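>>> what would the 3D arrangement of this be:
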Amino acid sequence: MEIVVPAALTAFHVKHDGEAGRAWSAGLPALTKRYLDEWELRLDGGPAHGVVSLVFPVVRRDGTRAALKLQPVTHENCWEAPGLRAWAGDGSVLLLDEDPETGTMLLERLDGGRSLLAVDDEMKALEILTALLRRLVALPAPAEMRRLGDIAQEMLDDVPQAMGVLGLERDRHWLGICAGAVGELVGEPGDRLLHWDLHYENVLAGEREPWLAIDPKPLAGDPGFDLMPALHNRWEEIVASGNVGRAVLRRFDYMVDELGLDRQRAAGWTLGRALQNSLWDVEDGELELNEVQLAVAEAVHQRL
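Numbering: from 1, shown residues only. Next up, the predicted model:
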């Protein structure tokens with residue numbers, strides 16, 4: 001089977017890394033063939049890709065179906081394999097093999113065409129996601145894992161510059177509220193192993209278990225920092241409820257109760273995620289805060 005790199009994947013890497021991204025993308029066919037040989041795999045279909053990675057369905061020498069994931073090593077995804085190793089398949093996709101030097105991983109095969117978005121009932125989907133999150137955050141983070149406390153302090157350091165960019169007083173007000181919440185918590189960042197990106201498309205159907213989490217961006221911290229993706233994804237259902245604030249809090253309160261979290265701390269760390277997302281937007285050139293992030297912050301602030 002000829003290995004063809006999707007044009008959209010190449011375009012992303014060129015946009016973000018220039019010629020280095022183009023070179024990495026151009027080297028993917030050879031890199032794929034290398035691991036097919038080294039790990040004794042055979043291709044079992046055409047590739048799929050996300051924003052960053054290329055994934056091939058493969059079969060191992062013993063007949064086990066698996067997925068070969070290729071991605072460049074970055075400060076964001078270099079912790080993915082250590083996190084998966086620590087979870088060892090308890091709520092997450094299994095890591096079968098890896099090469100830390102290139103970021104290549106061999107993973108348990110899941111159904112890439114069926115995520116929690118396929119579950120029509122919003123609260124049923126949230127129930128499944130929360131049950132997985134409960135298992136993931138039950139584990140203490142490995143000692144070498146990056147720390148939420150460091151990330152939170154970096155956010156606070158970036159706030160003054162963002163304040164100077166935002167033109168609306170409303171936006172500066174809410175950025176200040178979110179920063180204030182983080183400032184209260186930065187000294188007690190927690191030590192659980194967090195997923196950091198557990199939204200509905202990052203939960204796929206499997207055979208070993210009905211649903212498993214994929215694509216973590218692991219770090220050590222407070223589980224309250226892991227709630228935001230489930231709050232602002234499937235946003236159209238929040239809007240369709242007719243009361244955005246009440247619908248956000250319905251999800252938030254459910255997750256807090258099921259995870260056994262302190263409500264105020266969880267609210268504070270969720271405002272921290274709104275701060276983080278807003279700072280990223282400003283870094284990308286936005287001059288106003290995202291309306292969805294604002295709506296979540298306004299709702300969750302009621303729980304402080």
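
>>> just the helices from the stretch 151-300 of the chain, written as ranges.
With DSSP state H, counting those that start in this stretch, the ranges of helices along the stretch 151-300 of the chain come out as 169-185, 228-232, 235-240, 244-259, 263-283, 291-300.

>>> nearest to P140, of these?
Nearest to P140, of all these, is helix 244-259, at 15.6 Å by Cβ to Cβ. Where C-beta positions appear, they are placed from N, C-alpha and C, glycine not excepted.

>>> which parts of the closest one are buried?
Residues of helix 244-259 classed as buried by neighbour count (16 or more other Cβ atoms under 10 Å): V244, G245, A247, V248, L249, R250, R251, F252, M255, V256, L259.

>>> dump the helices of the stretch 151-300 of the chain into a markdown table; add distance to D150 and mean pLDDT as well.
Formatted as a markdown table, these follow (distance: least, Cβ to Cβ, whole Å; pLDDT from 0 to 100):
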| stretch | distance to D150 | mean pLDDT |
| --- | --- | --- |
| helix 169-185 | 12 | 98 |
| helix 228-232 | 19 | 98 |
| helix 235-240 | 30 | 98 |
| helix 244-259 | 23 | 98 |
| helix 263-283 | 13 | 98 |
| helix 291-300 | 22 | 98 |
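
>>> minimum distance to V119: which of the ones you listed has it?
Distances from V119 to each of the helices of the stretch 151-300 of the chain were compared using Cβ to Cβ; the minimum, 11.5 Å, belongs to helix 235-240.

>>> from the contact counts, what lies against the closest one?
If contacts are counted by 3 or more Cβ pairs under 8 Å, 6 or more residues apart in numbering; DSSP states H and E, helix 235-240 sits against helix 244-259.

>>> could you check the angle helix 263-283 makes with the helix it packs on?
Comparing the axes of helix 244-259 and helix 263-283 via axes from the mean of the first three to the mean of the last three Cα atoms, to 10 degrees yields an angle of 120 degrees.

>>> can you list contacts of helix 244-259?
123, 126-127, 130-131, 133-134, 137, 223-224, 227, 230-231, 237-238, 241, 261, 263, 266-267, 270, 295-296, 298-300, 302-303 (Cβ atoms under 8 Å, 6 or more residues apart in numbering).

>>> is it possible to mark the buried ones in the residues you listed?
Among those, the ones that count as buried by 16+ other Cβ under 10 Å are 126, 130, 133, 137, 223-224, 227, 230-231, 237-238, 261, 266-267, 270, 295-296, 299-300, 303.

>>> okay, now E40: neighbour count?
The criterion is other Cβ atoms under 10 Å. On that basis, E40 has 12 neighbouring residues.

>>> how would you label it: helix, strand or coil?
The three-state label given to E40 by DSSP: H, G, I helix; E, B strand; the rest coil is coil.

>>> that one reaches R61, doesn't it?
Yes - using Cβ atoms under 8 Å, E40 is in contact with R61, at 4.3 Å.

>>> quick one: the strands in this protein?
Remark: strands of the chain, listed N- to C-terminal, are 42-43, 48-49, 54-59, 65-70, 95-99, 104-108, 111-115, 192-194, 203-205, 211-213, 219-221; assignment by DSSP state E.

>>> what strands line up against the second one, and which way round?
Read it as strand 48-49. strand 54-59 (antiparallel) (DSSP bridges).

>>> so what's the nearest residue to V203 once chain neighbours are set aside up against?
Distances taken as Cβ to Cβ, 6 or more residues apart in numbering put L116 closest to V203, at 4.5 Å, once the chain neighbours are dropped. When contacts are counted by Cβ under 8 Å, 6+ apart, L116 touches A125, I128, L129, Y200, E201, V203, W211.

>>> mind checking how far L116 is from E291?
Separation of L116 from E291 (Cβ to Cβ, to the nearest Å) stands at 24 Å.

>>> ok, now H16?
Taken as Cβ to Cβ, the spacing of H16 relative to E291 amounts to 25 Å.

>>> now do stretch 81-90: everything it contacts.
The set of residues that contact stretch 81-90 without belonging to it, under Cβ under 8 Å, 6+ apart, is 92-95, 98, 100, 105, 107-108, 135-136, 139, 141-142, 144-145, 193, 195, 208, 212, 216, 218.

>>> give me the most central residue, the chain.
D197 (1.8 Å; Cα atoms, centre = their mean).

>>> and the spatially closest residue to that one that is not a sequence neighbour, what pLDDT?
Counting by Cβ to Cβ, 6+ apart, K217 is the residue found nearest to D197 once chain neighbours are left out, at 5.0 Å. Among the per-residue scores, K217 shows a pLDDT of 96.

>>> same check on M1?
Residue-level confidence at M1 comes out at 68, pLDDT.

>>> and if you look at L54?
In this prediction, L54 carries a pLDDT score of 93.

>>> on that earlier part again, run a quick neighbour tally on the residue nearest to D197.
Other residues near K217 come to 17 when the count uses other Cβ under 10 Å.
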